[in-house]
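# Need a 3D model of the following:
(one chain, ligands or ions: 1)
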Amino acid sequence: MTQDELKTLVGRAALKYVVPGEIVGVGTGSTVNKFIDALATIKDRIPGAVSSSVASTERLRALGIEVFDANEVGELAVYIDGADEIDGRGYMIKGGGAALTREKIVAAQSRHFVCIADESKRVEVLGRYPLPVEVIPMATQRILRQFQAMGGTARVRMNGGAPLVTDNGQHILDVTGLEIGEPLAFENEVNQWPGVVTVGVFAHQKASVCLLGTSSGVRTLEF
Ligand code: 5RP
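Here you go, the predicted structure:
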């Protein structure tokens, strides 16, 4: 199976975690796009979704799924999103699509995080994938130096010759050279650096379930 077919497989498999009658939290990315397409087939069973990005909102609305503001609704039963890496404890790196801040907000508002990913995302230790960090531009150079002191190399993510601007009007750093063996401690530390909006380690908002697309079908990992 191709990676695209694996994404379709887990996107469809996630439907069984959608609670009828309840608003569902929806993440961002190519795997989530498969989920959104599948969600459209059962849209009459849910009031709608809370979305983690402008891109997902547009896709949901184009398929006739109502999108609610996070502030209009209470706790969500489930949040469904992809990941750039996931370890054996359900800790993740996210933010490859630059939507990490809103993803963390919607995940925090949800009782369960169902991660949908193809098997290439499963790692032993987080950090091979460049770690996304959303930052306030004024703090960029100091945060670059703080990562350097940790042994990492941070670069500003670019888009057509200029720094990429997130849905929140901020910039993204991508950090290589880190081995994140203690994701909770790492997230706590980097989160309190002035100017960091969100670090792409999802340890406090870890997955409770991962639907992993493999060549022999969907493996369900519970954490
Ligand atoms: C976006 C994300 C995505 O969930 C992550 O990048 C995985 O994306 P894809 O499903 O396209 O591989 O965190 O900010």
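# can you pull out the helices in the chain?
Taking DSSP state H, the helices of the chain run over residues 3-13, 30-39, 54-62, 100-108, 140-149, 183-191.
# So which of those is nearest the ligand?
helix 30-39 (3.3 Å; Cβ to the nearest ligand atom). Bear in mind the C-beta positions are built from the backbone N, C-alpha and C, glycine included.
# Report the angle between that closest one and helix 100-108.
Interaxial angle of helix 30-39 relative to helix 100-108 (axes from the mean of the first three to the mean of the last three Cα atoms, to 10 degrees): 50 degrees.
# ok, helix 30-39 near the ligand or not?
Yes - Helix 30-39 lies within reach of the ligand by Cβ under 6 Å from any ligand atom, at Ser30, Thr31.
# give the contact list for the residue nearest the centre of the chain.
Nearest to the geometric centre of the chain sits Lys94, at 4.4 Å (Cα atoms, centre = their mean). Contacts for Lys94 (Cβ atoms under 8 Å, 6 or more residues apart in numbering) come out as Asp81, Gly82, Ala83, Asp84, Leu100, Glu103, Lys104, Pro132, Gly200, Phe202.
# Could you export the residues you listed to a markdown table, including columns for distance to the ligand and neighbour count?
Shown next, in a markdown table, are the contacts of Lys94 (distance: Cβ to the nearest ligand atom, whole Å; neighbours: other Cβ atoms under 10 Å):
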| residue | distance to the ligand | neighbour count |
| --- | --- | --- |
| Asp81 | 5 | 32 |
| Gly82 | 3 | 27 |
| Ala83 | 6 | 30 |
| Asp84 | 5 | 24 |
| Leu100 | 5 | 29 |
| Glu103 | 6 | 32 |
| Lys104 | 10 | 24 |
| Pro132 | 7 | 25 |
| Gly200 | 7 | 30 |
| Phe202 | 9 | 30 |
